[in-house]
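# need a 3D model of the sequence below.
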Amino acid sequence: MGKQLFGTDGIRGVAGEYPLDSKTVFAFGRALGEWAREHSPDPRVALGMDTRESGEQLSKWVMAGLKAAGVTPDHHGVVTTPCVAWTTKNGPFVAGVMISASHNPYRDNGLKVFAHTGYKLPDADEKQLETQIFALAGPEPEAVTWRWFGLRDRLYREYLDSIFPHSLAGRKIVMDCANGAAYSSAPLLLRECGAEVIVLSGGPDGQNINEGCGALHPEALQRAVVEHGAWCGVAFDGDADRAMFVSASGKLIDGDHVLFIAGRDMHARGHLPNAEVVATVMSNLGLEVALTQRGISLVRTAVGDKYVLEEMVRRGAALGGEQSGHVIFHEHATTGDGLLTLLLLLDVMVRTGSDLDELSRDFVVFPQKLVNVRFGVKKPLEDQSAVQDAIAKCYGEFGQQGRVVVRFSGTEPLARVMVEGPAQDRVEHHANAIAAEIVTALV
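You can find the predicted model right below:
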């Protein structure tokens with residue numbers, strides 16, 4: 001049997017409801033504590049959270065479980081997911097927990113677990129935790145007192161500063177913090193480099209995280225960059241493990257653009273092992289074409305930065321990521337990191353003297369349409385003949401100039417349809433036709 005609690009990015013759900021109810025989260029803490037004791041004689045676990053109003057309560061339940069298992073929890077307050085990963089790897093911690101639902105609405109939350117390596121737990125360890133959680137579930141957590149440790153966030157920022165040797169004096173950058181975990185640290189990071197930073201969505205109230213802002217809603221950022229005459233703009237998601245960018249002209253620069261810009265630069269400098277970039281099946285066909293023209297291969301994986309990273313480790317790749325803005329620079333990090341991606345993209349801009357419009361000019365994006373279908377009953381899509389017929393019609397028209405990806409989300413009850421091709425109207429026609437058949441098949 002597969003995993004029941006852990007998806008592609010930890011445990012996720014509506015805060016306060018199963019599996020994020022008090023008993024299950026307490027059992028999660030106890031199970032993780034027992035796992036930690038198996039892996040360290042003096043186990044400590046680092047915790048962090050984003051700005052959701054449910055984060056503090058979930059933190060108390062997790063820490064109560066850890067303490068019940070005889071493990072010391074160190075909570076670092078509101079920090080980004082990459083900060084927790086970095087802290088877990090570089091501090092005295094056997095594991096780390098980030099309490100966040102990333103780009104989801106504020107009512108959702110989640111539990112992401114990192115090992116001391118800085119990587120998310122392997123599937124086998126997640127399965128072991130699940131078994132223990134089910135065995136331990138039952139009692140309510142006891143009240144727990146706690147205090148925050150802010151040291152690790154500062155050390156993480158100092159690490160990021162150490163890999164960016166340039167001054168940004170005279171540069172104006174607009175930053176959309178999504179009312180999330182990076183609302184304080186990200187502007188401070190760039191201001192310490194001398195930049196003039198204009199902040200959007202930097203006032204979290206517990207409920208406005210990702211609300212019409214951030215990486216999923218870059219429209220306000222695009223307008224602000226143009227209005228302020230900024231050098232560029234960046235938008236994070238709720239836990240800042242992804243970033244989307246905007247050029248001086250207001251053009252959206254997504255994760256595929258970043259992979260192209262960084263991949264080309266790293267290849268030219270001899271920093272791209274085997275001339276390979278790893279991405280998912282959702283990356284635009286234009287990325288594959290643009291990289292191939294420059295002697296770089298694009299390796300595709302299933303959707304999820306976890307799978308991208310696994311393939312990167314297996315192949316010894318230095319660069320990988322997702323169109324959604326998760327980009328992994330493996331020389332520097334073990335997870336997608338929006339702040340790191342920002343600094344390394346700015347590094348290319350400073351070294352080359354080029355802005356994002358110039359750097360992205362040679363990447364021609366193929367028309368693409370994404371459709372999300374909320375389903376009632378999950379059935380194997382490959383067994384639905386009408387769905388497969390609609391996909392075949394698309395390939396019959398586009399041939400090698402098109403792609404279709406149909407998959408289930410790993411975090412939500414959605415089937416996702418992505419169609420690419422040479423003409424936007426036909427792309428939309430086929431995406432909607434396939435989605436309509438899925439609606440009928442999965443009622």
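
# going forward, measure contacts between C-alpha atoms and count neighbours the same way
OK.

# now do the phi/psi pair for the nearest residue to residue 73 once chain neighbours are set aside.
Excluding its sequence neighbours, the residue lying closest to residue 73 (CA to CA, 6 or more residues apart in numbering) is residue 45, at 4.9 Å. Main-chain torsions, residue 45, degrees, to the nearest 10: phi -120, psi 130.

# so how many other residues sit close to residue 45?
26 (other CA atoms under 10 Å).

# so it versus residue 252, what's the distance?
Per CA to CA, to the nearest Å, residue 45 is found 38 Å from residue 252.

# likewise for residue 188?
Distance from residue 188 to residue 252, by CA to CA: 24 Å.

# neighbour count: these two, which is higher?
Taking neighbours as other CA under 10 Å, residue 188 and residue 252 compare with residue 252 leading, 20 against 15.

# leaving out chain neighbours, which residue sits closest to the more buried one?
residue 246 (4.7 Å).

# number of nearby residues for the one you found?
29.

# and the pLDDT at it?
pLDDT, residue 246: 98.

# and residue 340, that one's in a strand?
No. Secondary structure of residue 340 (DSSP: H, G, I helix; E, B strand; the rest coil): helix, not part of a strand.

# and the residue nearest to residue 73, bridged to which residues?
With DSSP bridges as the criterion, residue 45 is bridged to residue 73, residue 95.

# I figured it hits residue 70, correct?
No. In this structure, residue 45 is not within contact of residue 70 by CA atoms under 8 Å, at 11.1 Å.

# next secondary structure after the strand or helix carrying residue 369?
Assigning secondary structure by DSSP states H and E places residue 369 in strand 368-374. Downstream of strand 368-374, the first helix or strand assigned by DSSP H and E is helix 385-398.

# tell me which other helices or strands that next one touches.
Applying 3 or more CA pairs under 8 Å, 6 or more residues apart in numbering; DSSP states H and E, we find helix 385-398 packed against strand 403-408, helix 424-441.

# angle of the longest one against strand 368-374?
In other words, helix 424-441. Orientation check (axes from the mean of the first three to the mean of the last three CA atoms, to 10 degrees): helix 424-441 against strand 368-374 gives 20 degrees.

# now do helix 424-441: which elements does it pack against?
So helix 424-441, by 3+ CA pairs under 8 Å, 6+ apart, packs with strand 368-374, helix 385-398, strand 414-420.

# buried sites along the longest one?
I take that to be helix 385-398. By neighbour count with 16 or more other CA atoms under 10 Å, helix 385-398 contains the buried residues 386, 387, 388, 390, 391, 394, 395, 398.

# the inter-axis angle of that helix versus strand 403-408?
160 degrees.

# which residues are contacting helix 385-398?
381-382, 402-404, 421-422, 430, 433-434, 437-438, 441 (CA atoms under 8 Å, 6 or more residues apart in numbering).

# just the buried residues out of these, in PyMOL syntax.
Of the contacts of helix 385-398, the buried ones go into a single PyMOL selection, burial set by 16+ other CA under 10 Å:
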select buried, resi 381+402+403+404+421+430+433+434+437+438+441
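
# out of the contacts of helix 385-398, give me the two with the largest separation.
The most widely separated members of the contacts of helix 385-398 are 422 and 441, with 28.1 Å between them, by CA to CA.

# that older thread, of all the helices and strands packed on helix 424-441, which one is nearest residue 312?
So among the helices and strands packed on helix 424-441, strand 414-420 is nearest, using CA to CA, at 23.8 Å.

# mean pLDDT and distance to residue 281 added to the helices and strands packed on helix 424-441, as a markdown table?
Shown next, in a markdown table, are the helices and strands packed on helix 424-441 (pLDDT from 0 to 100; distance: least, CA to CA, whole Å):
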| stretch | mean pLDDT | distance to residue 281 |
| --- | --- | --- |
| strand 368-374 | 94 | 13 |
| helix 385-398 | 96 | 16 |
| strand 414-420 | 94 | 9 |
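
# would you list those in a markdown table and tack on distance to residue 7?
A markdown table is the format used below for these (distance: least, CA to CA, whole Å):
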| stretch | distance to residue 7 |
| --- | --- |
| strand 368-374 | 17 |
| helix 385-398 | 25 |
| strand 414-420 | 13 |
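
# out of those, which is closest to residue 117?
Among the helices and strands packed on helix 424-441, strand 414-420 sits nearest to residue 117 (CA to CA), with 32.0 Å.

# starting at the chain centroid, how far to that closest one?
19 Å (CA atoms, centre = their mean, to the nearest Å).

# what packs against that strand?
strand 368-374, strand 403-408, helix 424-441.

# quick one, strands of the stretch 51-200 of the chain?
Listed in chain order, the strands of the stretch 51-200 of the chain (DSSP state E, counting those that start in this stretch) span 72-78, 95-99, 108-115, 172-176, 196-200.
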